[in-house]
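1. generate a structure from the sequence data that follows.
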Amino acid sequence: MNIKDYLDSTYLKTPEQSGLTKKETWEQVKKLTEEAIENGLYAVMIRPEFVKKTRKLIDDKKSKVVLGTVISFHQGTLDTESKIAEAKQAIADGADELDFVINYKSYKSGNLNGVAEEVKLCNEFVLGKNKVIKWIIETAALNDEQIIGLTKLIKSVTKEYNPGQEDKVFVKSSTGFYKTSDGKPNGATPHNIKLMLDNAGDLPVKAAGGVRNYQEAKAMVDLGVKRIGTSSALAIANGKESSGDY
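-> Predicted coordinates:
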């Protein structure tokens with residue numbers, strides 16, 4: 001196993017969150033991308049406003065690093081039409097993969113049909129462009145029953161409307177930005193990842209949020225995840241511990 005093949009090196013903080021200017025934020029994204037290229041990491045995951053410049057950087061380096069971005073991040077409450085509009089722009093700018101925050105609040109309120117329609121239409125659009133889609137379910141905001149139910153919903157919609165393309169539709173644990181109480185983890189935990197894996201069927205699972213060292217990353221791969229999203233990717237690849245926070 002080469003852990004680098006599983007790593008999505010991630011920088012998703014806004015300038016406001018990081019205390020940096022937009023120019024300084026771009027420098028962080030650029031550094032992250034160059035490190036991913038130089039160290040053979042699988043992908044970079046960045047905010048939509050930096051996709052076009054990052055695409056050029058990757059192409060100029062003639063690199064195979066995959067370029068991912070996030071949609072309706074980090075709340076997931078945009079309506080489906082707005083999510084597709086964001087995705088359309090991201091693809092036009094050069095994104096290979098799109099990580100959508102699902103409307104988990106709507107799911108929790110009982111609007112299963114509405115969430116299923118969101119999955120159907122967004123899958124249809126992204127897969128129609130021959131791109132990969134990942135659904136962030138925000139496990140820290142859900143109980144076990146809801147994690148199972150939402151994972152099954154994504155699986156069932158995909159199997160019904162996108163048969164044969166299940167490998168391009170991931171279920172992803174977390175944004176890493178959800179605010180929990182009492183110091184509870186807000187990202188990938190072995191317990192939640194197992195629930196997702198047990199109920200995702202043929203859909204691959206991406207662990208994201210709080211994976212900070214090689215041992216944690218390897219444990220996730222051993223459980224069965226296909227990808228890991230982390231702001232600690234380079235440290236993990238080098239077998240080190242990181243203080244990254246998502």
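
2. now do the strands in the chain.
-> Under the criterion DSSP state E, strands of the chain are mapped to 7-11, 43-46, 66-71, 97-101, 132-136, 169-172, 205-208, 227-230.

3. in TSV, list those strands along with mean pLDDT.
-> As requested, the strands of the chain are exported to TSV (pLDDT from 0 to 100):
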stretch	mean pLDDT
strand 7-11	98
strand 43-46	98
strand 66-71	98
strand 97-101	98
strand 132-136	98
strand 169-172	98
strand 205-208	98
strand 227-230	97
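
4. any chance of a markdown table for these, columns distance to residue 179?
-> Every residue, glycine included, has its C-beta placed from N, CA and C. Shown next, in a markdown table, are these (distance: least, Cβ to Cβ, whole Å):
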| stretch | distance to residue 179 |
| --- | --- |
| strand 7-11 | 18 |
| strand 43-46 | 20 |
| strand 66-71 | 17 |
| strand 97-101 | 15 |
| strand 132-136 | 15 |
| strand 169-172 | 18 |
| strand 205-208 | 16 |
| strand 227-230 | 18 |
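
5. TSV for these, including mean neighbour count and distance to residue 56?
-> Formatted as TSV, these follow (neighbours: other Cβ atoms under 10 Å; distance: least, Cβ to Cβ, whole Å):
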stretch	mean neighbour count	distance to residue 56
strand 7-11	25	17
strand 43-46	26	13
strand 66-71	24	10
strand 97-101	25	18
strand 132-136	26	21
strand 169-172	26	26
strand 205-208	28	26
strand 227-230	28	23
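
6. surely residue 72 touches residue 98?
-> No: in this structure residue 72 lies outside contact range of residue 98 using Cβ atoms under 8 Å: 10.2 Å.

7. mind checking pLDDT for residue 176?
-> In this prediction, residue 176 carries a pLDDT score of 89.

8. how close does it sit to residue 202?
-> Using Cβ to Cβ, to the nearest Å, residue 176 is found at 26 Å from residue 202.

9. with neighbour numbers in mind, choose between these two.
-> Neighbours per residue (other Cβ atoms under 10 Å) separate residue 176 from residue 202, with residue 176 holding more: 25 against 13.

10. next up, the contacts around residue 93.
-> 48, 51-52, 55 (Cβ atoms under 8 Å, 6 or more residues apart in numbering).
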